[in-house]
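[1] build me a structure from this.
(2 chains)
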Amino acid sequence: MGNTKVHADQKYIEALLQNDTVMLTEIYKKYAPKVIGYIKNNNGDESLAKDIIQETLITIYKQAKEKRLQLTCPFDAYFFLLCKRKWLNELKRTTEKEVTINEEIVSISDESAMHIEETLLFEAKDELFAEMFEQLGLSCKELLKATFTIKSLEEVAVKLGQSYGYVRKKKSLCIGQLTKLIQNAPRYNLIKKML
Amino acid sequence: MSPEEKYELYERKISGELSTTEEEILSLLIEEDKSIAEEFKVYKEWSSYLEASLNMDKETVDLKNNLKEIGDSFFNEDKNKKETKVIKMPFWLYTAAASVAIILGVYIFTNREPIYNDFAVIPELSIVERGVENSNINDLEAAFNSGNYKQAEKYLLELLATDNSNSEYNFYYGITLLEQNKHAEATFVFEELMQGNSGYRNRSVWFEALNQLKQKNIEQCFLLLKKIPEDAEDYKQAQKLIKKL
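    Now for the predicted structure:
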């Protein structure tokens, strides 16, 4: 993606990063109606559409923050297809019976398709990492939370009444444990193949 | 090299603490052993994931709240546009509608979900009772009791640096963190106290439950409340909160 020109709609990504109310309101006004229409036509309602839109915007924000997402395609199709995918996953998760989907054909460029694919992979990986983190023991979880939020290991060491060396060792063991967990997760290997 | 040693080497590499010789050892290991290269890559990924997700908390929460507000007003506006119709109604109906509105208001008010401020009663901090004159402690009390938790946190950290197992300091330190929405750090402090045997053990369970309530982690809050024994100071309040949840 390195040489491709950043699209003018990158402003919406920046709006998410800056938590810019004016621009975020514009996103809702311009792009939400299409998503609401789709979800309402496919076994959903407005309040569910509201959740899907918010979750999708948070996913985009996380990707922008962690991976410095640079949009090289229009926001419109990118956002709509992400919401759509999220909604279909939600339907699959909550409905046991078959549901009829009124397919809406959206033509998208390769560029958009690539962005969507990347965001979906990012999201899948993010969810998997979050799940794995939950599997850690309480002491590791809390130690990692402390070391990543307090930042200074010295301060964490004082707090725990331990030496700096101990805290660093324990931190590395906890991340090591996470490394093992993820390497043994079949879903991780699937995601890796797609990256 | 044991796995523990390897992990520590990775950690020190990421924090830029390796000596030139150690750098060479790691490069050689990565070059020669594909599984180590892969493992180091995953370790680094975890490190950046944790950095982003654990640190992003406050900003993400702010964004979520803002999006919720924008979403709410967008959806309400949308609905209002579709539903605005002028309906003429007789005078008596206005009175009836007003009564219904009041009743509904009272109902919603009394049945709304419990929030942190309904239950959090911050105890007064009073340490100067041993006749020891200590200006730090005086400053701490003044800051804490006037609600300046940021300053109080600073004083408490200074006191903890020389007396880190003091449960009283730790307990009030936890409260200053909680009041500043430093939730993960507060959990850390309260959990330590919960595992100890000090007089602050049960109070810490109660405040950790409030910490979870403040984050709207209702299930976690509930589980903690259940742990508060009948003879504890906060038992009654805990039962009241359980009913509301």
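
[2] quick one: low-confidence ranges for the chain?
    All of this refers to chain A. When the per-residue scores of chain A are filtered using pLDDT under 70, the ranges that remain are A:1-4, A:96-109, A:193-195.

[3] oops, chain B please
    For chain B, the stretches flagged by pLDDT under 70 are B:56-57, B:78-94, B:103-113, B:128-134.

[4] can you give me the helices for it?
    Counting by DSSP state H, the segments of chain B that form helices are B:3-14, B:20-32, B:34-55, B:57-83, B:91-111, B:116-119, B:135-145, B:149-162, B:167-179, B:183-195, B:201-214, B:218-226, B:235-244.

[5] which residues in chain A form helices?
    Listed in chain order (using DSSP H), the helices of chain A are A:10-18, A:21-41, A:46-67, A:75-94, A:110-135, A:138-150, A:153-160, A:164-183, A:186-194.

[6] what's the closest of these to residue B:225?
    For those, distance to residue B:225 was read as Cβ to Cβ. The smallest value, 18.4 Å, belongs to helix A:138-150. (C-beta placed from N, C-alpha, C; glycine too.)

[7] so which elements touch that closest one?
    With contacts defined as 3 or more Cβ pairs under 8 Å, 6 or more residues apart in numbering or on different chains; DSSP states H and E, helix A:138-150 has these neighbours: helix A:153-160, helix A:164-183, helix B:34-55, helix B:183-195.

[8] got a list of contacts for the third one?
    Think helix B:34-55. When contacts are taken as Cβ atoms under 8 Å, 6 or more residues apart in numbering or on different chains, the neighbours of helix B:34-55 outside the stretch itself are A:62, A:65-66, A:126, A:129-130, A:133, A:144-145, A:148-149, A:175-176, A:178-179, A:182-183, B:6-7, B:10, B:13-14, B:26, B:29-31, B:184.

[9] report the buried residues of that helix.
    Neighbour-count burial for helix B:34-55 flags B:36, B:39-40, B:42-43, B:46-47, B:49-50, B:52-54 (criterion: 16 or more other Cβ atoms under 10 Å in any protein chain shown).

[10] please apply the same query to the first one.
    For helix A:153-160, burial by neighbour count (16+ other Cβ under 10 Å) applies to A:153, A:155-160.

[11] kindly report the same for stretch B:14-27.
    Along stretch B:14-27, the positions that meet the burial threshold by neighbour count (16+ other Cβ under 10 Å) are B:14, B:18, B:26.

[12] contacts only, for the residue most central in space within chain B.
    Central residue check for chain B by Cα atoms, centre = their mean: the C-alpha nearest the mean position is that of residue B:183, 1.9 Å away. Residues near residue B:183 by Cβ under 8 Å, 6+ apart: B:57, B:177, B:211, B:214-215.

[13] with distance to chain B added, can I get the buried residues of helix A:153-160 in JSON lines?
    Formatted as JSON lines, those follow (distance: Cβ to the nearest Cβ, whole Å):
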{"residue": "A:153", "distance to chain B": "8"}
{"residue": "A:155", "distance to chain B": "8"}
{"residue": "A:156", "distance to chain B": "9"}
{"residue": "A:157", "distance to chain B": "10"}
{"residue": "A:158", "distance to chain B": "6"}
{"residue": "A:159", "distance to chain B": "7"}
{"residue": "A:160", "distance to chain B": "8"}
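
[14] which one of these is nearest to residue B:1?
    Each of those was checked against residue B:1 using Cβ to Cβ; the closest is residue A:153, at 22.7 Å.

[15] and residue A:80, how far from chain B?
    Residue A:80 is 16 Å from chain B, where distance means Cβ to the nearest Cβ, to the nearest Å.

[16] surely residue A:188 and residue A:127 touch.
    No. Contact between residue A:188 and residue A:127 fails when scored by Cβ atoms under 8 Å: they sit 11.3 Å apart.

[17] and the two? Which one has more around it.
    Neighbours were tallied for residue A:188 and for residue A:127 using other Cβ atoms under 10 Å in any protein chain shown; the higher tally belongs to residue A:188 (18 against 12).
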